[in-house]
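K.L.:
Model the structure of this input:
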Amino acid sequence: MQVGTPPQNLEILPDTGSGDFTIESDLLAAALRGTGPIYSPGASSTSRQLPGYTYSECYGSGYCDTGVVYTDVVNLGGVSVPGVPIQVVNNASTKGGDQTGNVGLSFGTPQAANPRGPSGFLWSIRSALDSGVFTVAFDDSTNTGEFEFGYVDPSKFTGALAYAPLDVSPSSGGEWITEFSGFIVNNTFLIYSWPVILDTGTGGSGVPRLLADYYFSQVPGSSWNSAWNQYQYPCSENLPDLTIGIGPVTKFTLPGSGLVAYSLDGTNCLSKLGVSNSAPYFFSQNLMEELFVVFDFDNAQIGFGQKPKSGSSPGTGITPGASAPAKAGSSYICSGSGFKGACQNVAWPNFACKNLAGTSVNYNVRAFGPDEGSCTLYSDSICETPISSLQGVTNPGSSSISNNVGSFVCTNPAISASGSGTIYLCTAQNWSGTCSNYNWSSYGCQTLDEAHMKTVGSAGPNVGSCMFYVDAHCGYPASSTPLKNPGTGTLSYGNRVGSFMCI
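P.N.:
As a prediction, the model looks like this:
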């Protein structure tokens, strides 16, 4: 990148995890300067200091710097943009590194400047671009990469780009934050939402521990390494591909061969799947190396594309190994001659139930339960009659449905019963409970007396549809409120009790 007039060649780290354009300068004491080229505002005829503006920032490594704010001409790929705000270092806690500084590529305003006001780098250069977008293509084999601004090069990816919406809420701070919808392990898509920051300024990534647990359950001999806060595995084992969901249907795949990091001791290896202990998680350089990534700040979205096969070899697929962690709540949508959805086994890990109301995920899973926070899926070959708070809603396996329509329960077609409030207990292919049928004269959800609680196991929710299961089959509740399973003891509950599902 070139800054100033005449142009000064600088070495800048493009950092999507920051909003600050900060560079070392000759205003900094010589003993604190790094080994890279430095910026000299006095040598540029177009530099202008902004009166009254200063900045201060610190990093997780402990390094801190302070300085003043200038504007100057920035040349990016042959395009010159005047008046770009730059935070110019004049003091630092320790000696700098081998680069001039960082150019923050978040879509927000600089976070370190005081007072607030200077535009972020992306918005400063927006008028010079054909489109408000930039793309990233890292190459792990050569330790290089390309950032291209203003357009998307179709030769850099194969197939269609998959887009995920950006979190533009005030709490995001202008970071490139999106939410992944789950991941595939042993051919099962686990519905598990996890927010991630896409950060080109950080080398290592951090994924949820739950994802790592499930992923490495496929790798024989893998074990948790507390010193590295991630799994180690035998170097002789091939890592399976990792497929991540970014919405109701769309997913992208990281090839297992590209997830290898390095050997610890010649026998045990580490992967690129570091683990973060809290959200938001980090999808950083080492994982982006396997993808073509589009940062679309005009439309507040992030696109993912598969690199051409000539880049890195594809993964070896699922490797049989240890069994996945127990107690996952599985539901199946891959059967039925008339099923129109994607054939995929879906589960919620550790009995977690995500409220899909208002999200696009419900159109992927085809059936979802009620507005109080529980969701369920069943085989389409069994699902024939919806039990809903809204009359006239058809089976979600063959039509689109709106949010908050009550519960869809897969009823056994062998049972015939009439009445507006009929509930069937003989459902699902692997049903092992007592086959009982209950009927209400209306869609109201009825409070059960103690005797019926013992029999039917659980009751829900408040808007007209009630699901019942036998006590022997109901192990864990999936509810919007922390209620105990009615089948395991006495309790009193109001109208808004959520929905209890046997999973």
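
K.L.:
Sketch out the low-pLDDT regions of the stretch 1-150 of the chain for me.
P.N.:
109-118 (pLDDT under 70).

K.L.:
which residues in this protein form helices?
P.N.:
Along the chain, the stretches classed as helices by DSSP state H are 121-125, 209-216, 285-288, 362-365, 450-456.

K.L.:
just checking, what packs against the second one?
P.N.:
It stands for helix 209-216. strand 177-185, strand 188-199, strand 230-234 (3 or more Cβ pairs under 8 Å, 6 or more residues apart in numbering; DSSP states H and E). Where you see a C-beta, it was placed from the backbone N, CA and C, and this is true even at glycine.

K.L.:
cool, the third one as well?
P.N.:
Other elements packing on helix 285-288 under the criterion 3+ Cβ pairs under 8 Å, 6+ apart are strand 133-139.

K.L.:
neighbouring contacts of the strand it packs on?
P.N.:
By Cβ atoms under 8 Å, 6 or more residues apart in numbering, the residues outside strand 133-139 that reach it are 14, 16, 105, 122, 144-153, 156, 200, 285, 288-289, 292-298, 307, 311.

K.L.:
Now restrict those to buried residues only.
P.N.:
Buried subset of those (neighbour count, 16 or more other Cβ atoms under 10 Å): 14, 16, 105, 122, 147, 149-150, 152, 156, 200, 285, 288-289, 292-297, 307, 311.

K.L.:
Tell me which of the contacts of strand 133-139 fall in strands.
P.N.:
Secondary structure from DSSP state E places 14, 144-149, 292-296 of these in strands.

K.L.:
how about CSV for those, with distance to Gly132 added?
P.N.:
Shown next, in CSV, are the ones in strands among the contacts of strand 133-139 (distance: Cβ to Cβ, whole Å):
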residue, distance to Gly132
Pro14, 16
Thr144, 25
Gly145, 21
Glu146, 18
Phe147, 14
Glu148, 13
Phe149, 9
Phe292, 18
Val293, 15
Val294, 11
Phe295, 9
Asp296, 7
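
K.L.:
can you count the residues close to the nearest residue to Thr144 once chain neighbours are set aside?
P.N.:
Spatially, and ignoring its direct neighbours in sequence, Thr144 is nearest to Phe138 (7.7 Å; Cβ to Cβ, 6 or more residues apart in numbering). Using other Cβ atoms under 10 Å, Phe138 has 21 neighbouring residues.

K.L.:
same check, this time on Trp123
P.N.:
Neighbourhood size, Trp123 [other Cβ under 10 Å]: 15.

K.L.:
So, low pLDDT: which residues of this protein?
P.N.:
When residues are selected by pLDDT under 70, those of the chain lie in 109-118, 187-189, 247-249, 309-503.

K.L.:
domain ranges for it?
P.N.:
2-128, 154-306 (automatic domain parsing).

K.L.:
Compute the first-to-last residue distance for the longest one.
P.N.:
Terminal residues of domain 154-306 lie 11 Å apart, using Cα to Cα, to the nearest Å.

K.L.:
same deal with the shortest one?
P.N.:
One end of domain 2-128 sits 16 Å from the other (Cα to Cα).

K.L.:
which one of the helices and strands packed on helix 209-216 lies closest to Asp20?
P.N.:
With Cβ to Cβ as the measure, strand 188-199 is the member of these nearest Asp20 (13.7 Å).

K.L.:
what bridges to Val84?
P.N.:
Val84 has these beta-bridge partners by DSSP bridges: Asp72.

K.L.:
Was I right to think Ser119 contacts Gly83?
P.N.:
No: using Cβ atoms under 8 Å, Ser119 is not in contact with Gly83, being 9.0 Å away.

K.L.:
Compare these two and say which one has the larger neighbour count.
P.N.:
Neighbour count, other Cβ under 10 Å: between Ser119 and Gly83, Ser119 has more, with 16 against 13.

K.L.:
That one: what's its closest spatial neighbour, skipping adjacent residues?
P.N.:
Pro85 (6.2 Å).

K.L.:
Surely the one you found touches Leu122?
P.N.:
No: under the criterion of Cβ under 8 Å, Pro85 makes no contact with Leu122, lying 11.7 Å away.

K.L.:
need the domains of the chain in JSON lines with distance to Phe134, can you?
P.N.:
Shown next, in JSON lines, are the domains of the chain (distance: least, Cβ to Cβ, whole Å):
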{"stretch": "domain 2-128", "distance to Phe134": "7"}
{"stretch": "domain 154-306", "distance to Phe134": "5"}
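
K.L.:
Now do Ala128: how many residues are near it, please.
P.N.:
15.

K.L.:
ok, now which ones touch it?
P.N.:
Counted by Cβ under 8 Å, 6+ apart, Ala128 has contacts 76, 79-81, 150.

K.L.:
In strands only, show me those.
P.N.:
Filtering the contacts of Ala128 for strands - DSSP E - leaves 76, 79-81.

K.L.:
Out of these, who's the most crowded?
P.N.:
Result: Leu76 is most packed of the ones in strands among the contacts of Ala128 (other Cβ under 10 Å), 21 neighbours.

K.L.:
Could you tell me which residues make contact with that residue?
P.N.:
Going by Cβ under 8 Å, 6+ apart, Leu76 touches 1, 125, 128, 149.

K.L.:
And the second one, how close does it get to Asp296?
P.N.:
Which is Ile125. 15 Å (Cβ to Cβ, to the nearest Å).

K.L.:
do the same with the third one
P.N.:
If you measure Ala128 against Asp296 using Cβ to Cβ, the figure is 17 Å.

K.L.:
what does the last one give?
P.N.:
Computed as Cβ to Cβ, the Phe149 to Asp296 distance reads 12 Å.

K.L.:
same deal with the first one?
P.N.:
For Met1, the distance to Asp296 (Cβ to Cβ) stands at 22 Å.
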